[in-house]
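Asks: Kindly return the folded structure for what I paste below:
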Amino acid sequence: MHKKLIPLLFLLFSGKLLAYEFPIEISEYIDDIKIIAYLNKSDISQEPKWTPFEGPPPLSIYDALQAVQSYISSDADITNTTLTEIELKQIPGHEIYWHYLVKVRFKVADKTQPHFFVVLMDGKVVSALKRPEPIK
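Replies: Here you go, the predicted model:
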């Protein structure tokens, strides 16, 4: 009798395992530097859609920069933030979804270093990583 319950228990628990959402990798170039950010599929599907030439983007450059500034303001060690570059880019494989790719420089412990962010059209900020150079 108990052996018949094993498949049922397996199905109940595997449903939660299969519900795990694997992140979507965004790989972009900015200033010849390859950066990588990871987004949840739900983040992309919840953001506003935008079609170029049919109106302004749902999030302005100013609002994107305000979102980045708010995101980094929670870290008291970060000072002297300077915008280096910002680009409007399509999310690869998602024609009607766009994002801003933002490069800033700021001081942490007396060292100036670059940092990269992806800002979705709903204002969500995702920290991006510089992809390490391959070992030769």
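Asks: okay, now Tyr100: neighbour count?
Replies: 23 (other Cβ atoms under 10 Å). From N, CA and C alone the C-beta is placed, and that goes for glycine too.
Asks: In three-state terms, label Pro56 for me.
Replies: Assigned with DSSP: H, G, I helix; E, B strand; the rest coil, Pro56 falls in the coil class.
Asks: Let the chain start at 58 from now.
Replies: That works, and once the first residue is 58, the last one we named lands at Pro113.
Asks: who's in contact with it?
Replies: Contacts for Pro113 (Cβ atoms under 8 Å, 6 or more residues apart in numbering) come out as none.
Asks: which helices and strands sit right next to the helix or strand harbouring Ala185?
Replies: Here Ala185 sits within strand 182-187, counting by DSSP states H and E. Based on contacts counted as 3 or more Cβ pairs under 8 Å, 6 or more residues apart in numbering; DSSP states H and E, the elements that strand 182-187 packs against are strand 90-96, helix 118-130, strand 168-177.
Asks: Going by neighbour count, list what's buried in that strand.
Replies: By 16 or more other Cβ atoms under 10 Å, the buried positions in strand 182-187 come out as 182-183, 185.
Asks: Keeping just the C-alphas, turn the longest strand along the chain into CSV.
Replies: Criterion DSSP state E: the longest strand present in the chain is strand 135-147. Extracted in CSV, the C-alpha atoms of strand 135-147 (Å, rounded to 0.1, in the frame of the first residue of the first chain):
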residue,chain,number,x,y,z
ILE,A,135,30.4,54.4,-2.4
THR,A,136,31.2,58.1,-3.1
ASN,A,137,31.8,60.4,-6.0
THR,A,138,29.7,58.6,-8.6
THR,A,139,30.2,59.7,-12.2
LEU,A,140,28.3,58.6,-15.2
THR,A,141,30.6,57.3,-17.9
GLU,A,142,28.2,55.9,-20.5
ILE,A,143,24.5,54.9,-21.0
GLU,A,144,23.0,53.0,-23.9
LEU,A,145,19.5,51.9,-24.8
LYS,A,146,19.6,48.3,-25.9
GLN,A,147,17.2,45.6,-26.8
